[in-house]
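# Sequence and predicted structure are below.
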Amino acid sequence: MKESVIYQDILQTGFERGFQIGFERGLQQVQAKIAKIIICFITRSLGNIPEEIKAKIRSLSISELEELADAQFDFTSLDDVMNWLSQFQN
C-alpha cells in the first residue's frame, strides 16, 4: 500500500528533526568529553582547579576547546588558565 503525500511529508519531517536532535545531543556529549579531558590534563599539571574555572572550560565551544587543548601546554599556573579564559568572557 502506498502512503499519502502528507504521510510521507510528515515522516520525512520527523526523520529530519530526529536526526537534528540526535546530532545536537552527540555534539554536546563530544564537547563535554573534550572539556573533561582538558580539565584532567590541567589538573594533572597544575593541581586542583576551582569549580569556577571548570565551569568556564565546560562552557567553551568545540573550537575554543581545541585552542585550549593547545594552549594548556604553556600554562605554568592557574593564573595563566584564567588569563586565557578571560578572552572568552561575554
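Looks like it arrived, so ask away.

# need the longest helix for the chain.
Ordering each helix of the chain by length in residues (DSSP state H) puts helix 5-46 first.

# Now do that one: distance to the chain's middle.
Put simply, helix 5-46 sits 9 Å off its chain's centre (C-alpha atoms, centre = their mean, to the nearest Å).

# name the helices or strands packed onto the helix or strand following it?
Once helix 5-46 ends, the next helix or strand along the chain (criterion: DSSP states H and E) is helix 51-58. Using 3 or more C-beta pairs under 8 Å, 6 or more residues apart in numbering; DSSP states H and E as the contact test, the elements touching helix 51-58 are helix 5-46, helix 78-86. In short, each C-beta sits where N, CA and C put it, glycine included.

# rewinding a little: what is the rounded mean pLDDT of the longest helix of the chain?
Mean per-residue pLDDT for helix 5-46: 88.

# quick one, what contacts the residue nearest the centre of the chain?
Closest to where the C-alpha atoms of the chain average out (C-alpha atoms, centre = their mean) is Gln31, at 2.4 Å. Residues counted as contacts of Gln31 (C-beta atoms under 8 Å, 6 or more residues apart in numbering) are Ser61, Ile62, Leu65.

# And Leu46, how close does it get to Gly26?
Taking C-beta to C-beta, to the nearest Å as the criterion, Leu46 is separated from Gly26 by 30 Å.

# Comparing the two, which residue is more hemmed in?
More crowded of Leu46 and Gly26, by other C-beta atoms under 10 Å: Leu46, with 17 against 10.

# can you pull the pLDDT of the closest residue to that one other than its chain neighbours?
Computed as C-beta to C-beta, 6 or more residues apart in numbering, the closest residue to Leu46 that is not its neighbour in sequence is Leu78, at 5.8 Å. Turning to Leu78, the model gives it a pLDDT of 94.

# wait, doesn't Leu78 sit right on Asn48?
No - Leu78 is beyond contact range of Asn48, at 9.0 Å (criterion: C-beta atoms under 8 Å).
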